[in-house]
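Participant: with the sequence up front, the predicted model follows.
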Amino acid sequence: MRTEELIATLTENCSPVRPLAHPEWRAVPWFAISLGYVAAVVAAMGLRLDISTKLADWRFLAEVGAALATSMMAAASAFCAGCPGRPVWERFAPVPFLALWLASLGIECWRDWLASGGAGLAIRPDLMCLPVILAISIVPGVLILIMIRRGAPIAPISTMGLAALAAAALGAAGLRLFHTEDASIMVLVWQFGSVALLTGLEAIFGRRILRWPTLQEALAADRHSPR
């Protein structure tokens, strides 16, 4: 069979496909909708009593801002990872903001140690962080999962890890607005740690969640797609 005949045969019954929007344009509506949802959760929980003081603290603003920037860039990177032909370096775009977030917590831990010694780095149980961050991030997580499943599962592990990081970082930023735990070591271990744990777990199951459809699934989807 000639090449032209093979191409004609393969494309004979194909349905038209609408290309996906640019990853950045897909990340913007996700972030806007998710941010609105997190704001509603924070409003329902009630802002922390010292919120006016915290908003005047540049260290608190840097921490929350870095978490929000990590969320936004991780979402854009997750959408990039599902687009064939895009450079691999885009999947590392949230790393500088993640490093800034971690550095802001590390500096505060250092300051606490200088001020109080070992007592400033005492770790106490704070069991609400993981379930609350998980609860806040469920809706953004489901939304971004629906959106990334429209792309190609060419990098399922990194795509799912980035998607989980986007949702969990947004949940952690929301938690800081109503949870009054300010000890830096506690925030580092229980809140940043929860984000790292959720990101790792989602990445582990990436190949099961994002996979190429089987032949039967592809044929079924083609039969039900609009002509």
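Facilitator: The structure has been received and is ready for your questions.

Participant: I'd like to know how far the residue nearest the centre of the chain sits from residue 88.
Facilitator: Against the mean C-alpha coordinate of the chain, by CA atoms, centre = their mean, the closest residue is residue 166 at 1.3 Å. Distance, residue 166 to residue 88, using CB to CB, to the nearest Å: 18 Å. C-beta here means a position set from N, CA and C on the backbone, and glycine is covered the same way.

Participant: kindly report the same for residue 3.
Facilitator: Taking CB to CB, one finds residue 3 at 31 Å from residue 88.

Participant: so between those two, which is more surrounded?
Facilitator: The neighbour comparison of residue 3 against residue 88 (other CB atoms under 10 Å) goes to residue 88, with 10 against 7.

Participant: now the end-to-end length of stretch 177-193.
Facilitator: Taking CA to CA, to the nearest Å, stretch 177-193 runs 18 Å from one end to the other.

Participant: before we move on, the earlier item: tell me which element the residue nearest to the centre of the chain falls in.
Facilitator: According to DSSP states H and E, residue 166 maps onto helix 156-176.

Participant: which strands or helices does the helix or strand following that helix pack on?
Facilitator: Going down the chain from helix 156-176, the next helix or strand is helix 184-186, by DSSP H and E. Helix 184-186 makes packing contacts with helix 95-116 when contacts are defined by 3 or more CB pairs under 8 Å, 6 or more residues apart in numbering; DSSP states H and E.

Participant: which intervals of this protein have sub-threshold pLDDT?
Facilitator: For the chain, applying pLDDT under 70 flags the ranges 1, 7, 9-19, 212-227.

Participant: break down it into its helices, ranges please.
Facilitator: Listed in chain order, the helices of the chain (DSSP state H) span 3-11, 23-45, 51-55, 58-81, 95-116, 129-148, 156-176, 184-186, 193-204, 206-209, 215-224.

Participant: re earlier: quick check: angle from the helix holding residue 166 to helix 129-148?
Facilitator: 130 degrees (axes from the mean of the first three to the mean of the last three CA atoms, to 10 degrees).

Participant: what angle do helix 156-176 and helix 95-116 make?
Facilitator: Interaxial angle of helix 156-176 relative to helix 95-116 (the same axes, to 10 degrees): 40 degrees.
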